[in-house]
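Q: What would the 3D arrangement of this be:
(4 chains, ligands or ions: 4)
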Amino acid sequence: MSAHTATTNAATDIDASHAKQARKAFLKRIAMTLGPILIALVIAGLLLLAFGINPLTYYSYVIDRGLFSPSGVQQTLTRMAPLLFIAAGLIVAFRAGIWNLGADGQFLLGAVTAAAAAPYLADFLPVWLAVVLAFLLATLIAVAWSLVPALLRAYQGINEIITTLMMTFLGTSFANVMVKLVFLDPSTTVPQTRTLPVTDRLPRLFDTTITSGLVFALVAIIAVHLMMTRTAFGLKLRIVGANPRAAVHSGLGVPLLTVAVFAISAGLCGMGGAIDILGVQGNVRANWNPAYALMVVPMVFLARFNGFASIAFVLLLSVMQIGGESAARRLGVPNVFTLLLVSIVLIVLAIAEYIDHRHNNSVKA
Amino acid sequence: MRVLSERSVSPGDKPIITLEGVTKRFPGVVANDAVNLEIRPSEVHVLLGENGAGKSTLIGMLSGLQQPDEGRILIDGEVRAITSPRNALALGIGTVFQHTMLVPTLTVAENLLLGAPWWQRPRKESLRTEVEALSKSLGMQVDLDAVASDLSLGEQQFVEIMRALLRNSRMVILDESTSMLTPSGIEELGALMRRLVERGLAIVFITHKLREAAAFGDRISVLKLGRKVGEITPERFQALHEDDLVTEIVDMMFGKRSDDPENGKRAGTTIAEDAKTVLAVDGVNLPATQTSPGLHNISFDVREGELLGIAGIDGNGQKQLAEVLAGQISGASGKIVLDGRNVESLSVGGRRDAGLRYLTDDRLGEGTVGTFPVSMNFLLKEVGKPPLWNKGFEKTSDIEKHAERLIAEYDVRTPRGHTPVGRLSGGNIQKVVLARELAEGARLVIFNKPTYGLDLANTLAIRQRILDIAAEGKGVLLISTDLEELLGLCDRIAVMAEGKLVGMVNNGENARTEIGRLMIGLEE
Amino acid sequence: MSDLFTNVFLSALLFGAVTAAVPLLLAGLGEQMSEKSGVLNIGIEGMMLMGAYTGFLGAYLTNSLWFGFLTGAVGGLLVSCIMVILCVRHGLNQIVIGIGLTLGCEGLTALLHHFQFSRTYPRLPAADPTVIPILSDIPVIGPAFFKQHLLVYIAVLLVFVATFIYRRTQLGLNLQAAGDKPAALDVSGVDVFRTRAFAVLATGTLAGLGGAYMANIGAGIFVPFITNGAGFLGIVLAMLARGRPVWVLIGAMVFGICLSLTTALQVAGINIPTDLIQMIPFLAVMAMLIMFGRRSTLPAALGIPYERGAR
Amino acid sequence: AAEVKSIAILTPEEGTDYGWNQQGVDGAKAAAKAAGIEAIVAQGLGYGDVRPTLRELAEGGASLMIAHASGYNTAAPEIAEETGVPVAIVDNPSAMKKGLVADYTLSGHEGAYLAGRMAAMMSRTKAVGIVVSGEPPSWNSQSAAFAQGVKAENPDVKVIYAVIGPAAYSDAAGGKRVTESVIAAGADIIFGQGNGSSFGMLQAVETTKATDGGKVYFIDVIGDKSPIDKGYLLSSVIWNIEPVYAAMIEDLKNDTFGTKSYSIGLADDSLKLLKTPQIPDDVWAKVQTLREDVISGAIKVEPIFEATQVRALMSDVKE
Ligand SMILES: Nc1ncnc2c1ncn2[C@@H]1O[C@H](COP(=O)(O)OP(=O)(O)OP(=O)(O)O)[C@@H](O)[C@H]1O
Ligand SMILES: Nc1ncnc2c1ncn2[C@@H]1O[C@H](COP(=O)(O)OP(=O)(O)OP(=O)(O)O)[C@@H](O)[C@H]1O
Ligand SMILES: [Mg+2]
Ligand SMILES: [Mg+2]
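A: Ligands and ions are numbered 1, 2, ... in the order given. So this is what the prediction gives:
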């Protein structure tokens, strides 16, 4: 009897200490993320002061618009949808050791395809079907676009950093050509594709302006996270990424897996483009290139390729973009200040991550 | 083999280097624990110890790669910190590391020239004369214009020794330099060490082979779990008989146990006449490449319960043979029949499923994924297969349990199942790989240098495993450059040279000489 | 129509090709050195942009182009110092820091431009060319290649200096070792940190100089985002060229000539849509990649921070 | 009648470019001042998605939101629909909706035509150049009209047309390089359109000699760069947008917003050629006469917005 209670006591003790530890770890994570952001804000604040602007006002505007005002946070969440798809695509590639720096090109081609296909298909198909087909088509085209670097890498061993960078230059140029020469909306003088009417776009969530694309994006990135960490297929990709020779030795078909990685990664980036068009933009204009990936790449690294952490970092990026633009306007700072803010936050977060990593290593000793 | 009597220079009295209470910790291990050591001129100081005993770590601190956490290092009696490799070189400490430290894309000459002031032009000509002078007095030959990656590992070792000597080192450290050498190469290196100590140099020599220690050493220190557990001084060394010496060392390293692996002969099993053929290889060919001799019309078979050895000097196509059999390289022709079934067209995975297992000699390079946990490395070749995966989803707790079981069964020394395998010592990594290859369903296992770099206890354990597998009625193909190992374990031994099977010898009375003759090309 | 293609016009086209190629050449040479030593310097776009800004500022304030090149080089150098401290010294992720630096330089230079120049848009006077006697009298080619600013000749000379360094000096051996096997370099007594730091600082200097050339001579003015991705093209060229500086020169010239070709085709009034014509430079580089990229194996330790004694 | 308290203007770049953005911002400010209301300026928004900004401005109580970029003309009507706040857009008259969406597609083609006439009169080398950093409709119509003006004045004057590159708005170096090539091809007057890159064109004009050894002149569009001129600015096709914005405010008050198109024209000088000291008096006088003819309809200039048609026109001109 007493022995029994003793063990249960011990068990609850262990449970309690476990929970305590988990909570501690969680709090530490939060501190390790918020702390650096605070430091970054102080640094950026000094810059603002140098330009004669009260940093506190600036930040209160950023937070207010980006996070706390009801309509502001809806914008933030809406902006996250394409970013999350790109993040998901990058996670697959980076975890498999493929440095896909061509996400912007893949995103744009997906966007152009969706923008061209949806209104066209809607002419003779039910709208929902047209949208779904446009989404799939966009994914397909983005996948096809990645085939060049994929095959070059898989069968010729040509480094994908160069090819994907180059394919981005080419892709933006090509998307532009497609908009101007092929998918031009004849009813307007502005070079852009036909516009999908607001009512035909993806539904918004409840009574808000948040696009339902956000839900798809969250599903995509969580699915990718689970795929990479929990499934055999994800493990295979990670083996290829961590040690390609071990992959050969273990009997994995490395070239085929490489092509698969490119396809999934580019497909997700293309979906990001499609979701942005079908959910928010409605059309693509010539020379439109939001270059989201340039900012998402570092976020994914900071998240250590973890899907959930990526969601948090993408949220942060989105808040900075939406809130920063608002604050800049209200205070008369040029909008480019947002770039500087993002850059400082990025670098300080990277430093914090490094210090954390060091610390962890020495503590375990 | 002992050359004690020929010593002319008596060991100096003043140590070049003294370690006092040196301690080094890594996450989860104390690699060196309050080690005291003295290294004297004109002396070969042998360091012995199991895998992971902390020998390389000690060397790391002497060569400036690592700093001790506690304790101090005295050089010529003065306390000095060895802050960097550059500093170590300046103090006259030259090191030949366990893993090659040559830049693969540079030529031998360029590798030797590294370290000169950055603004200078490489002094190739003066290097050439210096190297020639050294070559003459030491009897070593190196091709200065060869690209480092084209050299065999043995040749690379020589280049590194040359580099240490070119730097006018007072002390040369050789970390397992013999593990990659042929028997005659080992003899040469031994002779070279003698000549060097005669010139007054100090040598630190790390090896796992007790006979080498006994043959070439003057003083022996033994490390165990980071601690120094014993030292045999030159006086005792000279007084002891070789066999007693070995026994004493074994006692120090492993406690009471003195079964010398090199005496262990296979209990004369006989393979039944009617034993089934597990593997039949017929007329396998592979085109030669720049770095390998290819394979030429290789045919042999292995029967159930049989241990077939493949002898030969490293680089004569053994690795290619193993990889062709495992399905890792394409472009080969010929027949490979496993249990009566042609497997040439099967993939690596297909052959593994059919029961063909290949234990690679490149544990870190291809055998494991260093950053992955031990538990996953057990399953590297079974990814996605039930029961540990359910419809492609991993069953995390089952995988952990599976790992725990194997860790216990194979005595893998690791802090936890999710420690990255790259952090383990070589012997323990080998156990992980072994556990993986011997899993369910093995019919024929190819071992490629399974005991290379392993300590005595691990070597014995692995050899016992190999015998057990054969005893279970499976076929074994054992590739090794260690003739003793082959003679100790195998039923038959094939000899490879230049990508050809030049002969097949039944293990027995005259096997050693026959194989030796085949290896050096005396019999065709 | 063809009467447009006078010698003057042809040499102006070639001249333009050279002008467009020089920043790419400088950036590519710089990036090549970083990559050789094992550092993937994605921040080069930011370094160029900073060099363009500080270079313009220096030249504008002192009225001296050469002082401008100096300040431009220093601007790039300062940005690369951050990269050295964070990525080489402490081993932070090179891609994160590189992109961070690029974004930061974009924001900062645009901001500074806004406060300083956005009402006045100062422009520099024309640069004096250095005329090479005799050679400059060759029709078409002469005025295009031998009536350039001295810095252009220096940039081309740097190709040979770089080749000399890689082939004939200890520094060259050090750089290659740092990229292919840093541990081997370390144990031979050469400081890997210093070697890589030197390479990254050289990259910053060259990129800054390239940016300054672009602003001071290429445009004669600084406007925000003026580099327009030239740094990223530099990365591509460096990777394409692997260890050979001459290939950076060839790649940059091919790109520059393709740019001029787009102008020529338009002026000739060939009725292909401009947007198609303008894909030519990228297609040309992509074609070079497919043809020669196979040989472009990258240094084994590229992008991997070196930590002594790590396992 | 609706009460109009404030107008907001959204521009892709900062309103300090002596061009499109500055004319918009300055015009909006002036119109607001004249009407005694507040002007809210949201500038430097880029060419991406402006919906968040539009929504915020609407929420903030703006009475009218002017989306001053053709790239905004999809988003703005949608947000007007969603929030009920009126918007003004450019380049999409078909989206007009009473009380909600007005379009002010402006075209400077008549001014550009006059500029072309003037350039043809003044060119010594009998060749003029058009350099653009992109091909949006409003630039196309001016490029075309300029070429037509040149041809009408003197069919022997060649027109050399060159686009710098895709999305080369900030490519000042490219602007200079291409302009130098065009000058080398014989042009001594450059009609330049581009944002940041137009400063590179100006720089080329200032530092390069024409093939005849003389000075090269620059004709600018939309804004007035004379404060930063060094004596090479020949003229500019100036767009004064203030009257347009003022009319919008009036229409809002009168509940007629969204029922008519706004335009700029030579008649009320909302579109005019900039007079600089570089223009000889006789030339200026001739141009003034031509201006009357355009106003009276004696000369008809049709706007051409299509890039392909613009290019076709250039090759026609040359043959
Ligand atoms: N850089 C490091 N980081 C973490 N652990 C390390 C590191 N270096 C060595 N160790 C650990 O320290 C212990 C001693 O390793 P060391 O390499 O010195 O052994 P060794 O005696 O040379 O073994 P072997 O005979 O296998 O070469 C091992 O447990 C090893 O895993
Ligand atoms: N300016 C530099 N450029 C490139 N590498 C450098 C530079 N400075 C130092 N290094 C690197 O650091 C290493 C050590 O440099 P340095 O020659 O200054 O050392 P030192 O301590 O002065 O040694 P010593 O003068 O005895 O050779 C060099 O081998 C070189 O690779
Ligand atoms: Mg060791
Ligand atoms: Mg020195």
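
Q: got the contact list for the one helix or strand D:Ile190 maps to?
A: If you go by DSSP states H and E, D:Ile190 is part of strand D:189-193. By CB atoms under 8 Å, 6 or more residues apart in numbering or on different chains, the residues outside strand D:189-193 that reach it are D:112, D:115-116, D:119, D:122-123, D:128-133, D:139, D:142-143, D:146, D:175, D:179, D:182-183, D:198, D:201-202, D:204-205, D:216-221, D:234. To be clear about C-beta, it is placed using only N, CA and C from the backbone, and glycine gets the same treatment.

Q: So which bits of the stretch 51-200 of chain B are right by chain C?
A: Within the stretch 51-200 of chain B, the residues that sit near chain C (CB under 8 Å from any CB of the partner chain) are B:60, B:63, B:65-66, B:84-86, B:89-90, B:95, B:97, B:101-106, B:110-111, B:113-122, B:163.

Q: Count the residues that sit near the closest residue to A:Val280 other than its chain neighbours.
A: Leaving out its chain neighbours, the residue that sits closest to A:Val280 by CB to CB, 6 or more residues apart in numbering or on different chains is A:Thr211, at 5.7 Å. Neighbourhood size, A:Thr211 [other CB atoms under 10 Å in any protein chain shown]: 26.

Q: Please name the bridge partners of A:Thr211.
A: A:Arg204 (DSSP bridges).

Q: mind listing what it touches?
A: By CB under 8 Å, 6+ apart, the contact set of A:Thr211 is A:Thr78, A:Ala81, A:Arg201, A:Leu202, A:Arg204, A:Leu205, A:Ile275, A:Gly279, A:Val280.

Q: end-to-end on stretch D:266-286?
A: Start-to-end span of stretch D:266-286 (CA to CA, to the nearest Å) is 15 Å.

Q: To clarify, my last question referred to stretch C:81-97.
A: OK, stretch C:81-97 end separation, CA to CA: 12 Å.

Q: quick one on the thing from earlier: how far does the strand holding D:Ile190 sit from the chain's center?
A: On the basis of CA atoms, centre = their mean, to the nearest Å, strand D:189-193 is displaced by 13 Å from the centre of the chain it belongs to.

Q: In it, which residues are buried?
A: D:Ile189, D:Ile190, D:Phe191, D:Gly192, D:Gln193 (16 or more other CB atoms under 10 Å in any protein chain shown).

Q: got the residue ranges for the strands in the stretch 401-524 of chain B?
A: Along the stretch 401-524 of chain B, the segments classed as strands by DSSP state E, counting those that start in this stretch run B:444-448, B:475-479, B:492-497, B:500-506.

Q: Between those, which one is closest to chain A.
A: Nearest to chain A, of all the strands of the stretch 401-524 of chain B, is strand B:444-448, at 11.4 Å by CB to the nearest CB.

Q: List the contacts of the closest one.
A: Against strand B:444-448 from outside (CB under 8 Å, 6+ apart): B:278-279, B:302, B:318-319, B:322, B:325-326, B:338, B:355-361, B:437-438, B:466, B:469, B:474-480.

Q: hmm, back to that, possible to save the contacts of A:Thr211 as CSV with pLDDT and neighbour count?
A: Output for those, formatted as CSV (pLDDT from 0 to 100; neighbours: other CB atoms under 10 Å in any protein chain shown):
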residue, pLDDT, neighbour count
A:Thr78, 92, 26
A:Ala81, 94, 26
A:Arg201, 83, 22
A:Leu202, 80, 22
A:Arg204, 82, 18
A:Leu205, 84, 16
A:Ile275, 94, 28
A:Gly279, 90, 25
A:Val280, 89, 22
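
Q: Out of the residues you listed, the closest to ligand 2 would be?
A: A:Ala81 (48.1 Å; CB to the nearest ligand atom).

Q: for the closest one, what are its contacts?
A: Listed by CB under 8 Å, 6+ apart, the contact set of A:Ala81 reads A:Thr211, A:Gly213, A:Leu214, A:Phe216, A:Ala217, A:Gly272, A:Ile275, A:Asp276, A:Gly279, A:Val280.

Q: How about it: what's its closest non-neighbour residue?
A: A:Gly213 (3.8 Å).

Q: ok, now C:Tyr53?
A: Counting by CB to CB, 6+ apart, C:Thr109 is the residue found nearest to C:Tyr53 once chain neighbours are left out, at 4.1 Å.

Q: ok now do that neighbour, which residues does it touch?
A: Contacts of C:Thr109 (CB under 8 Å, 6+ apart): C:Leu49, C:Met50, C:Ala52, C:Tyr53, C:Phe222, C:Pro224.

Q: go again using 10 Å as the cut-off
A: A:336, A:340, C:46, C:49-54, C:56-57, C:75, C:211, C:222-227 (CB atoms under 10 Å, 6 or more residues apart in numbering or on different chains).

Q: mind checking how far it is from chain D?
A: Per CB to the nearest CB, to the nearest Å, C:Thr109 is found 11 Å from chain D.

Q: tell me the contacts of the closest residue to B:Ile310 other than its chain neighbours?
A: Ranked by CB to CB, 6+ apart and with sequence neighbours excluded, the top spatial neighbour of B:Ile310 is B:Ile479, at 4.5 Å. Listed by CB under 10 Å, 6+ apart, the contact set of B:Ile479 reads B:308-312, B:314, B:318-319, B:321-322, B:359, B:361, B:446-450, B:486, B:494, B:496.

Q: can you do 8 Å?
A: Per CB under 8 Å, 6+ apart, neighbours of B:Ile479: B:Gly309, B:Ile310, B:Gln318, B:Lys319, B:Leu321, B:Ala322, B:Asp361, B:Ile446, B:Phe447, B:Asn448, B:Lys449.

Q: got a pLDDT number for it?
A: At B:Ile479, the model reports a pLDDT of 93.

Q: Same check on B:Glu231?
A: Reported pLDDT for B:Glu231: 87.

Q: That one - that's part of a helix, no?
A: No: using DSSP: H, G, I helix; E, B strand; the rest coil, the assignment for B:Glu231 is strand, not a helix.

Q: Report the secondary structure state of the spatially closest residue to it that is not a sequence neighbour.
A: Distance criterion CB to CB, 6+ apart; nearest residue to B:Glu231, sequence neighbours excluded, is B:Ser221 at 4.8 Å. The three-state label given to B:Ser221 by three-state DSSP is strand.

Q: quick one: stretch C:16-34 near chain D?
A: Yes: judged by CB under 8 Å from any CB, stretch C:16-34 and chain D are in contact via C:Gly16, C:Thr19, C:Ala20, C:Pro23.

Q: Enumerate the residues of chain C near chain B.
A: Taking CB under 8 Å from any CB as the test, the list of chain C residues beside chain B reads C:168-171, C:173-174, C:176-177, C:180-181, C:183-191, C:195, C:300, C:308-309, C:311.

Q: Can you flag the buried ones in those?
A: The neighbour-count test (16+ other CB under 10 Å) marks C:169-171, C:173-174, C:176-177, C:180-181, C:183-191, C:195, C:308-309 as buried among the residues of chain C next to chain B.

Q: List the ones among those that fall in helices.
A: Judged by DSSP state H, helices contain the following of these: C:170-171, C:173-174, C:176-177, C:180, C:183-187, C:195.

Q: Adding pLDDT, write those residues out as TSV.
A: TSV is the format used below for these (pLDDT from 0 to 100):
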residue	pLDDT
C:Gln170	93
C:Leu171	94
C:Leu173	94
C:Asn174	95
C:Gln176	94
C:Ala177	95
C:Asp180	93
C:Ala183	92
C:Ala184	93
C:Leu185	94
C:Asp186	93
C:Val187	92
C:Thr195	95
